[in-house]
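Visitor: here you go, sequence then predicted model.
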Amino acid sequence: MTYAPALDHIPGPPPKPLVGHTLDLLRDSYGLHKRAAEQYGPIYKTKVLGRWSVALNNADGLEYILSDPDRIFSSAGGWNMLHTIFPRGLMLRDFDDHRAHRRIMQAAFRKPVMDAYRDRMTETLDRLIGDWPVEQPFKFYPAVKTMTLQMGGAVFMGLPVDDPRVPQLNHAFEAEVAASISPIRKPLPFTKLRRGMRAREYLTGTFRDMIPERRKTGGDDFFSQMCLAQDEDGNAWTDEEIVNHFNFLMMAAHDTTAASLTKMIWAMATYPEWQNRMIAEVDALGETPIDDEAMAALNVTERVFKESLRLMPPAPFIPRQATRAFSFGGVDFPAGTGVVGAPCTILRSSDHWTRPDTFDPDRFAPDRAEDQSHRYAWAPFGGGAHKCIGLHFATMQVKVFMTLLLRRYRVAHADNAPITWQRVPIPYPKNGLPIRLIPRKG
Ligand code: HEM
């Protein structure tokens, strides 16, 4: 559906000529939506990249969009900017087709393979963290992005960390991500989109060539598991489906995890009392292997992770497109309406959180459980049919990383310069977050 549905009856902040609200969103996405909700109530419209969408900006609205009881909302239609580079990825499929593919992908997230990923991840991260500079300032955000991609070569693709193809694969992968979020949507020469399309050709070609061997030999990495994946009825993917699902999975996994680790490191350097609590918890594990028991014991780390996601969700907005007319909150919307849920404002709403702008991980402790105030008060991983399939993997990666890091080092800001954050499309600190690692033991 490409037509613009009639939304004259929906209020909203006046759009600027040509650009609508695109620049406002890039400058201050949270402020744009917070002010709009204060002025117009939870239902209002905005125009971004030439497209009008209606925000249903409260926890009931997010629940309605994501739980989608009437099977109205298309994820493929909402995430339309991703189709050129990540066609037919899991999030770009809808309803029965999506369900069938998700059931197959689930096989790559079973408990025994998750354990194998964890072991491979522990070995790889330990080595990569060991390469970071000590007692010298370095920018954490670019370093952790490189680290997650290098780890991806090992845990996602089953390649040795020093495989000569890894830097080129990572470079191509970054070009794909830059292209998918670039505002210029025509692949003109020298544009990010053109570069991203070339990178996609190289990556998908590489993946395609790896399939026959991995189908034969298997392996304890995501790619091999996706080559072998079957649902309970024995349905599996074609080569082309494996390539598209894997390419999308890499995109969904990397920048989201790098963004959350960055916000956590910022919090640990800013609030040393929380870093001390995390260190005490890691020390209590001793030098034991990082297994299920260790993962379950890391409660403080988990709270700091949750609070970091609350303050800066890697997916601040979740878009959909209505396949049929619908009503919400007493308002009628035509078929084709672009709809957006806004976890980022709900995660800071005083309807659900005490002192919402304060860093306070104990709000997730069982005696406070502020996240339970509404099913969708805390939804940085989304919800419903498309809820993040990598939630447990991401949590595991955060815990393994923090354990390995804090066994060796303490983290401090490298300077007192104020840090400003870009929040969309994926949050990051504009100065790269300069930090220092201070050895804990002689
Ligand atoms: C902190 C890290 C992460 C966050 C905050 C996050 C967030 C999300 C959100 C909000 C969605 C739902 C989007 C929607 O409904 O439109 C999603 C979907 C998805 N995520 Fe994650 N994610 C993270 C890490 C990961 C990891 C590590 C993987 C893979 C190992 C992954 C794979 C996926 C996939 C495949 C989907 C699509 C699911 C579907 O459509 O059924 N994510 N993620």
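Guide: Structure's in. What do you need?

Visitor: double-check that I438 belongs to a strand.
Guide: Yes - counting by DSSP: H, G, I helix; E, B strand; the rest coil, I438 is part of a strand.

Visitor: pretty sure it contacts Y409?
Guide: Yes - between I438 and Y409 there is a contact under CB atoms under 8 Å: 6.0 Å. The C-beta positions use only the backbone N, C-alpha and C, and glycine is treated the same way.

Visitor: the more surrounded of these two?
Guide: Using other CB atoms under 10 Å, the more surrounded residue of I438 and Y409 is Y409, with 20 against 12.

Visitor: what sits against the nearest residue to that one once chain neighbours are set aside?
Guide: Spatially, and ignoring its direct neighbours in sequence, Y409 is nearest to L437 (4.1 Å; CB to CB, 6 or more residues apart in numbering). Neighbour list for L437: 132-135, 408-411 [criterion: CB atoms under 8 Å, 6 or more residues apart in numbering].

Visitor: need the pLDDT of L437.
Guide: The confidence metric pLDDT takes the value 98 at L437.

Visitor: joint contacts of I438 and Y409?
Guide: With CB under 8 Å, 6+ apart as the test, I438 and Y409 both reach V134.

Visitor: now for the contacts of L437: which two are most distant?
Guide: Spatially, the most separated pair among the contacts of L437 is P133 and R410, at 14.6 Å (CB to CB).

Visitor: quick one, which of these two is more surrounded?
Guide: The residue with more neighbours, out of P133 and R410, is R410; 17 against 10, by other CB under 10 Å.

Visitor: over to that one. Which of the three states is it?
Guide: Following three-state DSSP, the label given to R410 is strand.

Visitor: who does it bridge with?
Guide: In this entry, R410 is beta-bridged to I438, by DSSP bridges.

Visitor: from the ligand, how far out is it?
Guide: As for R410, its distance to the ligand is 23 Å (criterion: CB to the nearest ligand atom, to the nearest Å).

Visitor: go on, S308?
Guide: 9 Å.

Visitor: what about that residue, neighbour count?
Guide: Neighbour tally, S308, other CB under 10 Å: 25.

Visitor: which helix or strand contains it?
Guide: For S308, the element it lies in under DSSP states H and E is helix 299-311.

Visitor: just the closest residue of the stretch 301-442 of the chain to the ligand, please.
Guide: Of all residues in the stretch 301-442 of the chain, G390 sits closest to the ligand, at 2.1 Å by CB to the nearest ligand atom.

Visitor: mind pulling up the pLDDT for that residue?
Guide: pLDDT, G390: 98.

Visitor: same question for P425.
Guide: pLDDT, P425: 82.

Visitor: returning to that earlier point: so what touches the helix holding S308?
Guide: 260, 263-264, 266-268, 274, 277-278, 280-282, 347-348, 353, 359-365, 371, 378, 380, 395, 398-399, 402-403.

Visitor: what about these, which are in strands?
Guide: Taking DSSP state E, every one of the contacts of helix 299-311 sits outside strands.

Visitor: buried ones only from the residues you listed, please, as a PyMOL command.
Guide: Only the buried entries of those go into this PyMOL selection, using 16 or more other CB atoms under 10 Å:
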select buried, resi 260+263+264+266+267+268+274+277+278+281+282+347+348+353+359+360+361+363+364+371+378+380+395+398+399+402+403
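
Visitor: measure stretch 101-111 end to end?
Guide: 19 Å (CA to CA, to the nearest Å).

Visitor: shift numbering so it begins at 224
Guide: Understood, numbering begins at 224; the last thing we discussed is stretch 324-334.

Visitor: who touches it?
Guide: Stretch 324-334 is contacted from outside by 313, 316, 445, 448-449, 451-455, 458-460, 464, 468, 472, 608, 612-613, 615-616, using CB under 8 Å, 6+ apart.

Visitor: same thing but 10 Å
Guide: 311-313, 316, 336-337, 340, 444-456, 458-460, 464-465, 467-469, 471-472, 515, 608-610, 612-616 (CB atoms under 10 Å, 6 or more residues apart in numbering).

Visitor: likewise for stretch 489-504?
Guide: So stretch 489-504 is contacted by 363-364, 487-488, 520-528, 530-531, 534-535, 582-585, 625-626, 628-630, 632-637, 642, 644, 652, 656-659, 663 (CB under 10 Å, 6+ apart).

Visitor: now it: mean pLDDT?
Guide: Regarding stretch 489-504, the rounded mean pLDDT is 98.

Visitor: format the CA atom coordinates belonging to that stretch as CSV.
Guide: What follows is stretch 489-504, C-alpha atoms only, in CSV (Å, rounded to 0.1, in the frame of the first residue of the first chain):
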residue,chain,number,x,y,z
TRP,A,489,28.5,5.2,30.9
ALA,A,490,26.4,4.4,33.9
MET,A,491,29.1,2.5,35.7
ALA,A,492,31.6,5.3,35.2
THR,A,493,29.1,7.9,36.2
TYR,A,494,27.7,6.1,39.3
PRO,A,495,30.8,4.3,40.8
GLU,A,496,28.6,3.0,43.7
TRP,A,497,26.8,0.8,41.1
GLN,A,498,30.0,-0.3,39.6
ASN,A,499,31.2,-1.3,43.1
ARG,A,500,28.0,-3.4,43.5
MET,A,501,28.6,-5.1,40.2
ILE,A,502,32.2,-5.8,41.1
ALA,A,503,31.2,-7.3,44.4
GLU,A,504,28.8,-9.6,42.6
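
Visitor: run the chain-centre distance for that stretch.
Guide: Centroid separation for stretch 489-504 versus its chain: 23 Å, with CA atoms, centre = their mean, to the nearest Å.

Visitor: same question for stretch 524-536.
Guide: The answer for stretch 524-536 is 13 Å, by CA atoms, centre = their mean.

Visitor: now it: buried residues?
Guide: So stretch 524-536, judged by 16+ other CB under 10 Å, has buried residues 524-536.

Visitor: surely F396 touches T369?
Guide: No - look at F396 against T369 with CB atoms under 10 Å: they stay out of range, at 11.4 Å.

Visitor: okay then, goodbye and thanks.
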